[in-house]
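1. No letters, just coordinates:
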């Protein structure tokens with residue numbers, strides 16, 4: 001069998017990306033092999049994905065659609081109109097999963113994030129958000145703009161994981177997910193509370209995400225993205241996720 005030419009491979013890859021083939025294969029495989037198992041911990045986190053493309057221009061902020069009122073100080077007893085709901089509030093109100101995914105920004109822009117050593121780093125590109133199960137198996141993946149806050153992807157990721165797995169006991173996240181709609185023990189800007197010994201051990205499971213992202217980038221092509229555009233970059237990363245998932249599932253089965 002002859003190896004396809006670069007042009008043929010490029011057209012095939014573009015078709016895989018547009019049809020979301022690797023995402024569908026990943027979801028079906030997770031349901032088949034882990035759907036009925038009890039998953040003790042889901043470790044949720046995001047990682048930077050550098051891209052070789054120009055940043056999209058920031059769109060002008062549209063004025064919030066509020067009822068108009070007379071300028072000046074409001075009359076006694078008159079309350080100002082409430083602000084429109086935030087993305088997180090809309091998600092928590094019961095927005096369908098597909099609408100949540102469509103609402104997330106997916107253009108290339110500039111993001112910043114603290115690394116595992118606590119230092120801030122910036123990059124041009126995207127951010128990959130993943131739910132990792134025990135054993136470093138990627139359960140759900142979402143690629144967004146680099147500037148998007150991690151907390152705005154928590155509910156869509158949770159919905160995706162709950163659709164693929166029957167039983168999840170604990171979801172473990174860091175302080176980036178500090179919102180009322182998302183459970184977080186130590187929100188930023190407040191006094192840190194001490195965890196009991198059992199919860200301390202459970203909280204350490206977050207290192208599963210760091211190890212998983214490290215393997216994805218060092219062993220499965222996550223650090224060498226050469227394609228452009230959200231769809232193609234997601235396909236590139238998902239082929240790496242598929243290989244990583246297969247490798248971890250073999251360890252689990254054996």
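-> Received it, and whenever you're ready, just let me know what you need. As the structure is a prediction and not an experimental result, all values here were calculated from the model.

2. Can you point out the helix or strand that includes residue 9?
-> helix 6-19 (DSSP states H and E).

3. just checking, what packs against that helix?
-> For helix 6-19, the packing partners by 3 or more C-beta pairs under 8 Å, 6 or more residues apart in numbering; DSSP states H and E come out as helix 230-253. C-betas here are computed from N, CA, C, even on glycine.

4. Spatially nearest residue to residue 241 (excluding sequence neighbours)?
-> Among residues not flanking residue 241 along the chain, residue 138 sits closest, at 5.0 Å (C-beta to C-beta, 6 or more residues apart in numbering).

5. Now do the contacts for the one you found.
-> 26, 130, 131, 132, 212, 216, 241, 244, 245 (C-beta atoms under 8 Å, 6 or more residues apart in numbering).

6. Over to residue 243?
-> Residues in contact with residue 243 (C-beta under 8 Å, 6+ apart) are residue 220.

7. quick one: the closest residue to residue 145 other than its chain neighbours from residue 27, how far?
-> The shortest distance from residue 145 to any non-neighbouring residue, by C-beta to C-beta, 6+ apart, is to residue 105 (4.1 Å). According to C-beta to C-beta, to the nearest Å, residue 105 stands 22 Å off from residue 27.

8. same deal with residue 158?
-> 15 Å.

9. what about residue 169, neighbour count?
-> 11 (other C-beta atoms under 10 Å).

10. Same question for residue 248.
-> So residue 248, with other C-beta under 10 Å, has 18 neighbours.

11. Next: residue 18.
-> Neighbour tally, residue 18, other C-beta under 10 Å: 11.

12. my guess is it meets residue 230, correct?
-> No: the criterion here is C-beta atoms under 8 Å, and residue 18 misses it with residue 230 at 11.1 Å.

13. Contacts only, for residue 90.
-> residue 103.

14. Where do the strands of the stretch 101-250 of the chain begin and end?
-> Along the stretch 101-250 of the chain, counting by DSSP state E, counting those that start in this stretch, strands occupy 109-114, 120-133, 137-145, 167-172.

15. Can you mark which positions in the last one are buried?
-> The reference is to strand 167-172. Of the residues in strand 167-172, 168, 171, 172 count as buried by neighbour count, 16 or more other C-beta atoms under 10 Å.

16. what residues does it touch?
-> 37-44, 158, 161-162, 183, 202-203, 205-206.

17. for those, which one is nearest residue 81?
-> Top of the list for closeness to residue 81, among the contacts of strand 167-172 and by C-beta to C-beta, is residue 183 at 30.5 Å.

18. Okay, now the unreliable bits of the stretch 151-254 of the chain?
-> Along the stretch 151-254 of the chain, the model assigns pLDDT under 70 to residues 179-204, 253-254.

19. From residue 111, how far off is the closest residue in space to residue 150 that isn't next to it in sequence?
-> Take residue 150 and drop its neighbours on the chain: the residue closest to it by C-beta to C-beta, 6+ apart is residue 176, 4.2 Å away. Residue 176 sits 12 Å away from residue 111, going by C-beta to C-beta.

20. higher neighbour count, the two?
-> residue 111 (22 against 18).
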